[in-house]
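# Quick check, what structure comes out for this input:
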Amino acid sequence: MLRLSKLTDYAVVVLVRLSREAGVQTSPGIAASTGIPEPTVAKVLKTLAAGGLVASQRGARGGYRLMRSLAEIPVADVIAAVDGPIALTACVDGSATECESQGVCPMRGRWDPVNEAIQQALVNITLADMQEASIPRAFRVPPRISLPAAE
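Below is the predicted model:
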């Protein structure tokens, strides 16, 4: 089963929360309104800042703010910021790990089209799409997903 980390899930919640109020918000305030423990919110915000999704501001009026609107943040960017590159197996391009059977594996390179299709789907779904998930399906336009052409 493919599963994202809890931190990625929390990151989406935090980013959506940041979008609901203009200006700078603090990690204790976000924690109080989301129910996510404050140390976890602080960790998520630091990671999102390193990934360029939020900006931090120091000082008495410090906190965090979104760098882009939710419509400009694909789910893929959040996953990459928190969990690193999207790679289904160790043998796909961009994987952080290497497979010990890489040189002799008959499936080498065969996972790339699957990985690319999943990446494309995650690039085509924005956080604004996620936020609108409460709108009845009949009134939503699904995101376009283009699969790689068969060879």
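# what ranges do the helices span in this protein?
6-19, 27-34, 38-50, 75-83, 112-124, 127-131 (DSSP state H).
# ok now do the residue located most distally from the centre of the chain, which residues does it touch?
Distance from the centre of the chain peaks at V104, with 33.4 Å (C-alpha atoms, centre = their mean). By C-beta atoms under 8 Å, 6 or more residues apart in numbering, the contact set of V104 is empty. For glycine as for every other residue, the C-beta is placed from the backbone atoms N, C-alpha and C.
# any idea how far the one residue sitting closest to the centre of the chain is from A49?
Using C-alpha atoms, centre = their mean, the residue of the chain that lies closest to the mean C-alpha position is V78, 2.1 Å off. According to C-beta to C-beta, to the nearest Å, V78 and A49 sit 13 Å apart.
# And L122, by the same measure?
L122 is 21 Å from A49, by C-beta to C-beta.
# who has more neighbours, the two?
Per other C-beta atoms under 10 Å, whichever of L122 and A49 has more neighbours is L122, with 18 against 15.
# Please look at that one and D83 and confirm they touch.
No: using C-beta atoms under 8 Å as the test, L122 is too far from D83 to be in contact (11.4 Å).
# show me the contacts for M67.
Contact partners of M67, counting by C-beta under 8 Å, 6+ apart, are 52-55.
# Out of the helices of the chain, the one nearest R61 is which?
helix 27-34 (12.5 Å; C-beta to C-beta).
# counting contacts, what elements does that closest one pack onto?
Contacts defined by 3 or more C-beta pairs under 8 Å, 6 or more residues apart in numbering; DSSP states H and E place helix 27-34 against helix 6-19, helix 38-50, strand 63-66.
# Just send those back as TSV, with mean pLDDT too.
TSV is the format used below for those (pLDDT from 0 to 100):
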stretch	mean pLDDT
helix 6-19	95
helix 38-50	97
strand 63-66	95
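# mind checking which of those is nearest T89?
T89 sits nearest to helix 6-19 of all these, at 18.8 Å, using C-beta to C-beta.
# so that closest one versus helix 27-34, what angle?
Computed by axes from the mean of the first three to the mean of the last three C-alpha atoms, to 10 degrees, the angle separating helix 6-19 from helix 27-34 equals 100 degrees.
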